[in-house]
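Asks: kindly generate the corresponding structure for this input.
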Amino acid sequence: MKRFICLPLLLVCVSVFSQQKTLQAIKIIQSPKIDGNLEEDVWANATVLTDFVQNFPTYGLPVSRKTEVKILYDNTSIYVGAYLYDDPSLIRKQITARDGESQTDVDYFSVFFDTYNDDQNGFQFLVTTANVQTDARLGPNLGGDFNSFGDKTWDAVWESKVSMKADGWVVEMRIPYSSLRFAKKDLQSWGIQLLRFFRRNNESSYWSPVDPKVNGFVNQFGELKDLKDIQPPLRLSFSPYVTTGYRHSPQTNGYFNEWLRNGGMDVKWGLNESFTVDATLVPDFGQVVSDNVVNNLTPYEVRFTENRPFFTEGTEIFNKANLFYSRRVGATPSGYRSVNSFVANNKEWEIVKNPSVTQLYNATKFSGRTQKKLGIGIFNALTAPMDARIHNTVSGKDSSIRTEPLANYNIIVLDQAFKGRSFITFTNTNVMRNGNGRDANVTALDVALYNKKNSHVFRGTARYSKIWGVSPYDGYNTTLNFGKVSGNWQYNFSGNVESKNYDPNDLGILFAPNEVTYNANLSYRQFKPTKNFITYSYSLAPRLQYLYSPYAYSRFDISGSAFWVFNNFWDISINANVLPGWERNYFELRTDGRYIKYPNNLGFEIEGSTDSRRKLFIRFNGVYAVAPKFDNVYTHVGLGMRYRFSNKFSLDLQTNSSYETNQLGYAFLRETNGEPIVGFRNNREFTSVLSGIYNFTSRLNLTLRARHYWNKVNYISFHNVDVNGDLLARPFIPGQDENVNIFNLDAFLTWDFRLGSRFIIGYKNWLGDEEIVNLSGKNTYMRNLGEVFDLRHGNEITIRFIYFLDYNQLRKKR
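Replies: Below you'll find the predicted structure:
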């Protein structure tokens, strides 16, 4: 009997999963009232969408609770109504910040649209049980985290309401066409996807099945057919703002006090149905979270997270080639530190003003996609010339020093999407500086070709950089990659060549050029739950590196990893890396053509987390690495704890402690003949971050983040390095030890008092740049933390008011 029952069921499943689901669009004349109820007559004639299919934890099973969704549209908006049946006592209702539903105790519903039906790009709109909104832009180079599908920094203006019922909950959404981009056609079809998430069992169920074995997400959408005579509206909105505040910051001699005042405007203008101009005029980015600054002993630049809204919202097309590191725009002036150094070494001078951030005059983004799926993006930003002013205490005169010239930053992107998930992208970045400043240009071509089954892909890139200035130079970078990207077993092979003078760093970021790298990767992932695991995966990845010029061996290593998600939703991963032979490091000495040899080493890492549904959620990781020939041992322990006190209040504490004995590295010293000096040192780092959020309502919250970083470096011995990379003894150099403390506190009270409008009160506290903790006796983390609060700190309080004005609403009122 089981055979006769299972066979029809199997045939039904195969039919459902192999055919794209479709929905006939229904147009209405009278729009529904968005109140969280679906009782109006307009909803009665809408097609009811059911038959949701689980993606996680068990792909292929039907959704665990009855789910009904209806879609309507008119000349201005698209409407989504969902009746999500459930036991009210089991519904999770934590209030979160906007875009902050991940790993919190809340259920949610989401709708996705692929408005160009290109299987690559789209929009997401999500509503939680607390009526908190999340929205995101979808793209081939976006998303990737668990239940994260795209760029959440993109914020649209749309409407939603939620109501609780005796047999579940209801969400009603109105998404105006001004928040979407689509072709101007009398009859069109969109890709559409619906998602329901249950927090109590971490169940994700989709209307159109999403097979985890298949590469890609948007390509597994259903279809919303025959949208008729929808006219893209005039998309024109203004967000004027005013900011005021007060800053009290420590200087070499006393404090510098200043009133802060600024005003400007963000403008969004839809030039036509597909293309939009976003502009920011005289922007003020003061109310952003402080950077995670560290004492960088490596030869590589530290990459900081972008927190400025204009540079995070809707920039996915500009990042397609990974040549846009937006922190270059408005960065610290190139001459900022030299001014500080000059004053520190010349006591008769003192700093009157030395701006640490380059002022941005304006920035503009033009982006969109044509009916033939050609994406076009143009970015432009203009930064002001920056000057430092110093005062001579002997003569009484002031002097001005130009620390950064006037500069113009440009990006042009042409991105052609093809059938399936294939694409070809052209990118050009350009930086021009006033006067004799350095100018730069990078041109790139990216290609991805998927086969018809979406199981294999070939990728290729080519880049050419050109630098103009006192000593012009150019370089190139090219990569080839082929791999299997769907199924349980996956693999890829890749090669990367970076010439010696390849340099995209004026608007992008490259940690080290002059490399040739060969990579391979083989992985296996189990998608179906087993007796003990929901899912698990294993991977193995060898890597071989050479110096490009002159072509010379650098290193060979092998990495392996294993990852398991247990049935109780705990997860754990183990990573290992083996360097079986000597490494020639060509970058540590910061000297062209020279290298230092590092011996074979072995490293292990274990990390994991507990069930994030619980009030107490714990994250942990540990690392142990050893290079026996140098008696070099590295250990790291990380522990994070988040406690949810209520549906409104939660706190998170993350600590990371690392200690490395006999670390060998450049000592930032040179002999009189210019030869680099290296040293063995003991290096200890400890970082603690306390963050919390209290949500008064779904649109009013208070956030807090405090971070303390401590780094203690004690040198043991110093050495020279011969031409073969071996160490040579030299006398000890006293006074090179370091004890670095960095402290920041950021607090923001944010009130979204109407759609698109916001009122923010911000407070910042930081340890002064020139403040140093000097301890006698035992130097511990707690003693450093205590001393930090006895030193001089800067303080800043700001108030910001942003008001959203939509042209269509203003015209309707008139």
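Asks: for this structure, which segments count as helices?
Replies: Listed in chain order, the helices of the chain (DSSP state H) span 2-18, 41-44, 336-345, 781-788, 807-813.
Asks: so where's this structure uncertain?
Replies: Confidence mapping of the chain against pLDDT under 70 gives the ranges 1-18, 142-147, 812-814.
Asks: okay, which residue is most central for it?
Replies: When C-alpha atoms, centre = their mean is applied to the chain, the residue found nearest the centroid is residue 305 (6.8 Å).
Asks: now for it: which residues touch it?
Replies: Residue 305 is in contact with 291, 292, counting by C-beta atoms under 8 Å, 6 or more residues apart in numbering. Backbone N, C-alpha and C define where each C-beta goes, glycine included.
Asks: so how far is residue 708 from it?
Replies: Separation of residue 305 from residue 708 (C-beta to C-beta, to the nearest Å): 18 Å.
Asks: equivalent analysis for residue 808, please.
Replies: According to C-beta to C-beta, residue 808 and residue 708 sit 48 Å apart.
Asks: likewise for residue 619?
Replies: 19 Å.
Asks: between those two, tell me which one has more neighbours.
Replies: It is residue 708, of residue 619 and residue 708, that has more neighbours when counted by other C-beta atoms under 10 Å, with 21 against 17.
Asks: contacts only, for the more buried one.
Replies: Shown here is residue 708, whose contacts under the criterion C-beta under 8 Å, 6+ apart are 687, 688, 741, 742, 743, 785, 788.
Asks: wouldn't the fourth one be in contact with residue 769 here?
Replies: No. Applying C-beta atoms under 8 Å as the test, residue 742 and residue 769 come out as separate, 9.5 Å apart.
Asks: the more surrounded of these two?
Replies: When residue 742 and residue 769 are compared for neighbours, residue 742 comes out ahead with 21 against 13, by other C-beta under 10 Å.
Asks: ok, now how distant is that one from residue 758?
Replies: Using C-beta to C-beta, residue 742 is found at 29 Å from residue 758.
Asks: and the strands in the stretch 501-650 of the chain?
Replies: Ranges of strands within the stretch 501-650 of the chain are 515-526, 533-547, 552-566, 571-579, 583-585, 596-598, 601-609, 616-627, 632-644, 649-670, based on DSSP state E, counting those that start in this stretch.
Asks: looking at those, which is nearest to residue 312?
Replies: Closest approach to residue 312 among the strands of the stretch 501-650 of the chain is made by strand 649-670 (21.6 Å; C-beta to C-beta).
Asks: how far off centre is that closest one?
Replies: A distance of 22 Å separates the centroid of the chain from that of strand 649-670, by C-alpha atoms, centre = their mean, to the nearest Å.
Asks: repeat that for stretch 499-508.
Replies: Averaged over its C-alpha atoms, stretch 499-508 has a centre that lies 22 Å from its chain's centre (C-alpha atoms, centre = their mean).
Asks: then stretch 546-561?
Replies: Centroid displacement of stretch 546-561 relative to its chain, using C-alpha atoms, centre = their mean, is 28 Å.
Asks: can you give the contact residues for it?
Replies: If you take C-beta under 8 Å, 6+ apart as the criterion, stretch 546-561 is touched by 497-500, 513-517, 537-545, 573-581, 583-586, 595.
Asks: buried ones in it?
Replies: For stretch 546-561, a neighbour-count test (16 or more other C-beta atoms under 10 Å) marks 546, 547, 548, 554, 555, 556, 557, 561 as buried.
Asks: again, but for stretch 289-304
Replies: Applying a neighbour-count criterion of 16+ other C-beta under 10 Å, the buried positions in stretch 289-304 are 290, 295, 297.
Asks: now those in TSV, with distance to residue 357?
Replies: Rendered in TSV, the data for these read as follows (distance: C-beta to C-beta, whole Å):
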residue	distance to residue 357
290	12
295	21
297	25
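Asks: ok, residue 154 touching residue 317?
Replies: No. Contact between residue 154 and residue 317 fails when scored by C-beta under 8 Å: they sit 11.7 Å apart.
Asks: more neighbours: which of those two?
Replies: Set side by side, residue 154 and residue 317 show unequal neighbour counts under other C-beta under 10 Å, the larger going to residue 317 at 27 against 21.
Asks: list the contacts of the more buried one.
Replies: With contacts defined as C-beta under 8 Å, 6+ apart, residue 317 is in contact with 139, 367, 375, 377, 413, 415.
Asks: repeat for residue 629
Replies: Contact partners of residue 629, counting by C-beta under 8 Å, 6+ apart, are 599, 600.
Asks: gap between it and residue 734?
Replies: For residue 629, the distance to residue 734 equals 27 Å [C-beta to C-beta].
Asks: equivalent analysis for residue 406, please.
Replies: Distance of residue 406 to residue 734, computed by C-beta to C-beta: 45 Å.
Asks: for these two, indicate the residue with more neighbours.
Replies: Taking neighbours as other C-beta under 10 Å, residue 406 and residue 734 compare with residue 406 leading, 16 against 7.
Asks: any idea how far that one is from residue 715?
Replies: Taking C-beta to C-beta, one finds residue 406 at 43 Å from residue 715.
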